[in-house]
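Q: need coordinates for the following:
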Amino acid sequence: MTRLFSLLLIILIATGSASSNGQVPTAPLPWSREDAEALAAFVEQIGSEGLDPADYEPDRLRALIASNDAALASIATSTFLHLVTDLRQGHVRGSHRIAWHIPDPAIDRPAQQAMLVRALATHSVSEMLGSLLPHHPEYVALKATLAATPFQDRAAVERLRANLERWRWMPHDLGTDYILVNVAGFELQLVRGGKTISRHKLIVGKTSTPTPQFSTRATGLILNPWWDIPQSIVAESVGRLVRTNPAGARSRGYVWSGGHYRQSPGPGNALGQMKLVMPNPFTVYIHDTPSKSLFDEKTRAFSHGCIRAQDPFALAALLLASNPGWDRAAIDRVVASRASTRVDFARSLPVYVTYFTAATDESGAIAVHPDIYGRDKAVVAQLTDAEVTKD
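A: Residues are numbered from 1 along each chain as shown. Here you go, the predicted model:
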């Protein structure tokens with residue numbers, strides 16, 4: 001009879017009216033011993049995901065289960081909802097995600113409550129929580145590497161934990177076709193059908209002008225682009241060149257047009273001869289560069305924030321593969337003409353500009369990348385509830 005009452009209560013909460021403020025009531029739901037033990041077991045192994053079991057108080061849960069304490073329902077409910085938030089949205093949030101502007105895969109409180117209702121009604125607490133974990137191959141590889149890393153290797157463990165956490169900040173579904181930029185790895189991957197079909201070395205922002213992390217959609221590309229010069233760069237160098245050596249400025253293609261300085265198309269253009277059309281509030285783009293020798297450097301943080309790609313015309317050919325008449329030969333002809341030409345993609349695709357200091361290489365093994373912007377420390381501090389100290 002008690003079990004029947006519990007199920008009826010679950011159904012009433014799941015289907016009943018929301019409170020006056022639009023939230024699902026948060027009264028603790030009835031927890032069976034079986035479900036509570038499943039929750040405790042899930043918490044005890046959460047370290048394999050790079051999270052700290054102590055944050056979810058497994059010993060307290062075990063003690064309440066053993067004593068059949070009346071407080072179990074309230075504590076178990078609170079723990080479940082805490083886990084839902086951390087697994088779906090990440091443990092580290094807010095300003096501690098430095099320059100991270102990729103939207104959270106958020107789940108609101110009514111949805112969290114609905115998940116709890118389903119988990120208890122179907123005795124699927126572990127399965128429901130497990131479904132919230134990232135399933136991207138990068139996360140799976142990082143998790144496997146963490147499991148194989150000795151806990152005594154603190155630096156390696158912390159690096160892996162920081163990057164597992166960053167994957168919890170990412171959308172769970174990136175799509176089947178997308179561009180993934182890893183700023184810390186100086187690499188761009190073009191993914192088609194869920195498989196990486198092309199990798200390109202990158203040059204990214206200097207430590208003084210770091211490349212932000214954001215997502216957008218690439219809708220096309222421009223061959224032989226004009227460069228609308230940002231005011232910061234005009235103040236830094238171009239304005240002085242125009243004032244002191246106008247003939248030299250003209251020879252480099254700098255012109256005054258439309259109320260601002262621009263650079264005309266050509267191989268000497270700062271954007272090179274290819275730029276992706278990818279609207280974003282940071283005016284950061286993926287483009288070619290005339291400074292190709294910089295790709296020989298191992299640490300390639302040289303730009304004002306934009307992302308310069310090696311072998312851009314090969315990338316362009318892959319991106320235009322679904323556009324009739326736009327093979328590599330057609331691209332080369334337009335480039336040689338120096339005529340600025342925009343080509344829209346047959347279908348736009350997502351672009352994710354990320355920052356992972358540990359990520360898979362071409363062999364599928366985890367490679368370590370320099371923390372060029374010094375961002376791992378803040379993430380690890382939040383994961384361990386520690387204060388960030390200066391070196």
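Q: what is the neighbour count of the nearest residue to Ala71 once chain neighbours are set aside?
A: Excluding the flanking residues, the one nearest Ala71 by CB to CB, 6 or more residues apart in numbering is Leu64, at 6.0 Å. All C-beta atoms are positioned from the backbone trio N, CA, C, and that covers glycine. The tally of other residues near Leu64 (other CB atoms under 10 Å) stands at 21.
Q: for Ala336, give me its contacts.
A: Ala336 makes no contacts at all, as judged by CB atoms under 8 Å, 6 or more residues apart in numbering.
Q: picking up where we left off before, hang on, the residue nearest to Ala71 packs against Ser74?
A: No - look at Leu64 against Ser74 with CB atoms under 8 Å: they stay out of range, at 9.4 Å.
Q: can you give me the strands in this protein?
A: Under the criterion DSSP state E, the chain contains strands at 178-182, 187-192, 195-205, 214-223, 227-228, 254-257, 260-263, 274-277, 286-287, 301-303, 307-309, 341-354, 358-360, 366-368.
Q: ok, back up a step: mind listing what the residue nearest to Ala71 touches?
A: So Leu64 contacts 36, 71-72, 75-76 (CB under 8 Å, 6+ apart).
Q: of all those, which two lie farthest apart?
A: Ala36 and Ala71 (11.4 Å; CB to CB).
Q: spatially nearest residue to Ser232, not counting backbone neighbours?
A: Closest to Ser232 by CB to CB, 6+ apart is His304, at 7.3 Å.
Q: that neighbour contacts Thr211, doesn't it?
A: No - His304 lies out of contact with Thr211 (CB under 8 Å); the separation is 9.3 Å.
Q: returning to that earlier point: need the strands of the chain in a markdown table with mean pLDDT, can you?
A: Formatted as a markdown table, the strands of the chain follow (pLDDT from 0 to 100):
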| stretch | mean pLDDT |
| --- | --- |
| strand 178-182 | 98 |
| strand 187-192 | 98 |
| strand 195-205 | 98 |
| strand 214-223 | 98 |
| strand 227-228 | 88 |
| strand 254-257 | 80 |
| strand 260-263 | 86 |
| strand 274-277 | 98 |
| strand 286-287 | 98 |
| strand 301-303 | 97 |
| strand 307-309 | 98 |
| strand 341-354 | 98 |
| strand 358-360 | 98 |
| strand 366-368 | 98 |
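Q: make a markdown table out of those strands and add distance to His101.
A: Shown next, in a markdown table, are the strands of the chain (distance: least, CB to CB, whole Å):
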| stretch | distance to His101 |
| --- | --- |
| strand 178-182 | 13 |
| strand 187-192 | 18 |
| strand 195-205 | 14 |
| strand 214-223 | 4 |
| strand 227-228 | 22 |
| strand 254-257 | 31 |
| strand 260-263 | 25 |
| strand 274-277 | 18 |
| strand 286-287 | 16 |
| strand 301-303 | 18 |
| strand 307-309 | 15 |
| strand 341-354 | 9 |
| strand 358-360 | 19 |
| strand 366-368 | 25 |
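Q: okay if I get those as JSON lines plus distance to Phe295 and mean neighbour count?
A: Below are those laid out as JSON lines (distance: least, CB to CB, whole Å; neighbours: other CB atoms under 10 Å):
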{"stretch": "strand 178-182", "distance to Phe295": "15", "mean neighbour count": "22"}
{"stretch": "strand 187-192", "distance to Phe295": "11", "mean neighbour count": "20"}
{"stretch": "strand 195-205", "distance to Phe295": "5", "mean neighbour count": "18"}
{"stretch": "strand 214-223", "distance to Phe295": "20", "mean neighbour count": "20"}
{"stretch": "strand 227-228", "distance to Phe295": "20", "mean neighbour count": "16"}
{"stretch": "strand 254-257", "distance to Phe295": "25", "mean neighbour count": "14"}
{"stretch": "strand 260-263", "distance to Phe295": "21", "mean neighbour count": "17"}
{"stretch": "strand 274-277", "distance to Phe295": "15", "mean neighbour count": "23"}
{"stretch": "strand 286-287", "distance to Phe295": "14", "mean neighbour count": "24"}
{"stretch": "strand 301-303", "distance to Phe295": "10", "mean neighbour count": "19"}
{"stretch": "strand 307-309", "distance to Phe295": "8", "mean neighbour count": "25"}
{"stretch": "strand 341-354", "distance to Phe295": "19", "mean neighbour count": "17"}
{"stretch": "strand 358-360", "distance to Phe295": "19", "mean neighbour count": "22"}
{"stretch": "strand 366-368", "distance to Phe295": "18", "mean neighbour count": "17"}
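Q: to Pro150, which of the ones you listed lies closest?
A: Closest among the strands of the chain, using CB to CB: strand 366-368, at 14.8 Å.
Q: list the contacts of that closest one.
A: With CB under 8 Å, 6+ apart, strand 366-368 has contacts from 141-142, 145, 159-160, 185, 357-361.
Q: whichever of the residues you listed end up buried, select them in PyMOL.
A: The PyMOL selection below is limited to those of those classed as buried (16 or more other CB atoms under 10 Å):
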select buried, resi 141+142+145+159+160+185+357+358+359+360
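Q: from the contacts of strand 366-368, which ones fall inside helices?
A: 141-142, 145, 159-160 (DSSP state H).
Q: surely Pro350 and Ser215 touch.
A: Yes - if you go by CB under 8 Å, Pro350 and Ser215 touch, sitting 6.4 Å apart.
Q: about what we covered before: and the contacts of strand 366-368, which is closest to Pro290?
A: Gly185 (23.4 Å).
Q: contacting residues for the residue nearest to that closest one when sequence neighbours are not counted?
A: Once flanking residues are discounted, Gly185 sits nearest to His369: 4.4 Å by CB to CB, 6+ apart. By CB under 8 Å, 6+ apart, His369 lies in contact with 182, 184-186, 356-359.
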